[in-house]
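>>> fold the following, please.
(2 chains)
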Protein chains: 2
Amino acid sequence: MRGIKLSDRQEKIIEIVKENEPITSEAIAKRLKLTRATLRPDLSILTMSGILDARPKVGYFYSGKSDINIFRDKIESIKVGEIKSLPTVVDEETSVYDAIVTLFIDDVGSIFVTSDGYLTGIISRKDLLKSAIGGVDIEKVPVAVIMSRMPNIVYLEEKESVLEAAVKIIEHEFDSLPIVEINTDSTEDKKFKVVGKISKTNITKLFVDLGIEN
Amino acid sequence: MRGIKLSDRQEKIIEIVKENEPITSEAIAKRLKLTRATLRPDLSILTMSGILDARPKVGYFYSGKSDINIFRDKIESIKVGEIKSLPTVVDEETSVYDAIVTLFIDDVGSIFVTSDGYLTGIISRKDLLKSAIGGVDIEKVPVAVIMSRMPNIVYLEEKESVLEAAVKIIEHEFDSLPIVEINTDSTEDKKFKVVGKISKTNITKLFVDLGIEN
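Have a look, this model is predicted:
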């Protein structure tokens, strides 16, 4: 995908077609006080790029279809698996205090909680802060008591796009989401193995990378 | 700025020019086993878009210049003032406990600290959590004791782009940055008035907006 900066004349042609479609090249030329020959390369650019549609003996239509969102194409093609971070995971039995220590050691904002190796919850800095000032005995109480719990956890799979990840993060107001592999071997409920993490930090980093690449 | 998806033939032409520049349209046509007339619209698209340069009597050159980063253009044109959030601000004398309560009430991740109305520091959830478990008397100790302090604070002005904001957030590992107005009336040190906030949440929201617009 390449970007083309349209000339003022091409932008003018688009305006004329938008307001007068269908319109012949002759009529466009007349309005611009130019010859058809002069306009030919412009019309060719505009139709090849899909901005205008040309129908023989009828004239030009505004298609607009190719007002392609290049950014969307790009971020839909990048999968969360490509930009994921290592997740920080603790067992349900871990004390709130130990979870706080883990959070500082790993320098992360959220911790995923598992039982028997499968995802059961998430704890955020906010959850931990609430416990720390809320009279909870943080050395004794396990994280299972204070975490957000499945099935209220929003998760991602590696094949989802970073756009989907960003949408889920914003809609559900999480700082980060677990990337999981879904285990459906058993006849029981689905089980989720945590294989990564996507956070607002990953999205912001990608934003920077896309912005300064080239 | 519009996006144009190049055809396979156009991509092939680019490859040929890259490897053989300068090369005449005749020579390109020969390699592709096509007539010059057939290639004319393609070459016209490629030169008008700036991907190729044509020099009379010499031939085509690969310019590459117009491998324009449309996304960068876009996010350099959006200023932080356009997407800023309301900042949460407390005075230096506020107790750590009251700052934590404010953080929950405003549902934010960072709080800016002022003295006489001017920025003196930032407190993050992490700073607060550290105090809460660190034996600090959070009801008595003022935030001034635990905050990150000027001049170690990274700030933005409204005219800066969201790309610059994202770069600063990632480089300096802050979750959010204050947007300030710099007061240089006095002969003293510069003073900073907090007028907004940009966080990873703002950046992630913008990422979503750009991704789903159209």
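>>> for the helix or strand encompassing residue A:29, packing partners?
Assigned by DSSP states H and E, residue A:29 falls within helix A:25-32. With contacts taken as 3 or more CB pairs under 8 Å, 6 or more residues apart in numbering or on different chains; DSSP states H and E, helix A:25-32 sits against helix A:8-20, helix A:36-48, strand A:59-62. To be clear about C-beta, it is placed using only N, CA and C from the backbone, and glycine gets the same treatment.
>>> and among the ones you listed, the most buried is which?
Comparing those by mean neighbour count (mean count of other CB atoms under 10 Å in any protein chain shown), strand A:59-62 ranks first with a mean of 20.
>>> the helices and strands packed on helix A:25-32: which one's closest to residue B:16?
helix A:36-48 (19.1 Å; CB to CB).
>>> now the closest one and helix B:36-48, what's the angle there?
Here helix A:36-48 runs at an angle of 80 degrees relative to helix B:36-48 (axes from the mean of the first three to the mean of the last three CA atoms, to 10 degrees).
>>> ok, the helix or strand following helix A:36-48 near chain B or not?
If you walk from helix A:36-48 toward the C-terminus, the next helix or strand you reach (DSSP H and E) is strand A:52-55. No. Figure legend: strand A:52-55 not in contact with chain B (CB under 8 Å from any CB of the partner chain); closest approach 11.4 Å.
>>> please save the CA atoms from strand A:52-55 in PDB.
This file holds the C-alpha atoms of strand A:52-55, laid out as PDB (Å, rounded to 0.1, in the frame of the first residue of the first chain):
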ATOM      1  CA  LEU A  52     -13.700   7.500  -9.100                       C
ATOM      2  CA  ASP A  53     -15.700   4.900 -11.100                       C
ATOM      3  CA  ALA A  54     -15.900   5.400 -14.800                       C
ATOM      4  CA  ARG A  55     -18.800   3.900 -16.700                       C
END
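>>> one step back: of all the helices and strands packed on helix A:25-32, which lies closest to chain B?
helix A:36-48 (5.3 Å; CB to the nearest CB).
>>> helices or strands next to the closest one in the packing?
Right, helix A:36-48 is packed against helix A:8-20, helix A:25-32, strand A:52-55, strand A:59-62, helix B:36-48 by 3+ CB pairs under 8 Å, 6+ apart.
>>> export that helix as PDB, just CAs?
Listed next in PDB are the C-alpha coordinates belonging to helix A:36-48 (Å, rounded to 0.1, in the frame of the first residue of the first chain):
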ATOM      1  CA  ARG A  36     -10.000  16.700 -22.000                       C
ATOM      2  CA  ALA A  37      -6.400  15.700 -22.900                       C
ATOM      3  CA  THR A  38      -5.100  17.700 -20.000                       C
ATOM      4  CA  LEU A  39      -7.400  16.000 -17.600                       C
ATOM      5  CA  ARG A  40      -6.700  12.500 -18.900                       C
ATOM      6  CA  PRO A  41      -3.800  11.600 -16.500                       C
ATOM      7  CA  ASP A  42      -5.700  13.000 -13.600                       C
ATOM      8  CA  LEU A  43      -8.800  11.000 -14.400                       C
ATOM      9  CA  SER A  44      -6.600   8.000 -14.900                       C
ATOM     10  CA  ILE A  45      -5.000   8.400 -11.500                       C
ATOM     11  CA  LEU A  46      -8.400   8.800  -9.900                       C
ATOM     12  CA  THR A  47     -10.000   5.800 -11.500                       C
ATOM     13  CA  MET A  48      -7.100   3.500 -11.000                       C
END
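>>> what angle do helix B:8-20 and it make with each other?
100 degrees.
>>> may I ask which helix or strand of chain A has the lowest mean pLDDT?
When the helices and strands of chain A are scored by mean pLDDT, DSSP states H and E, strand A:2-4 comes last with a mean of 53.
>>> great, nothing more from me.
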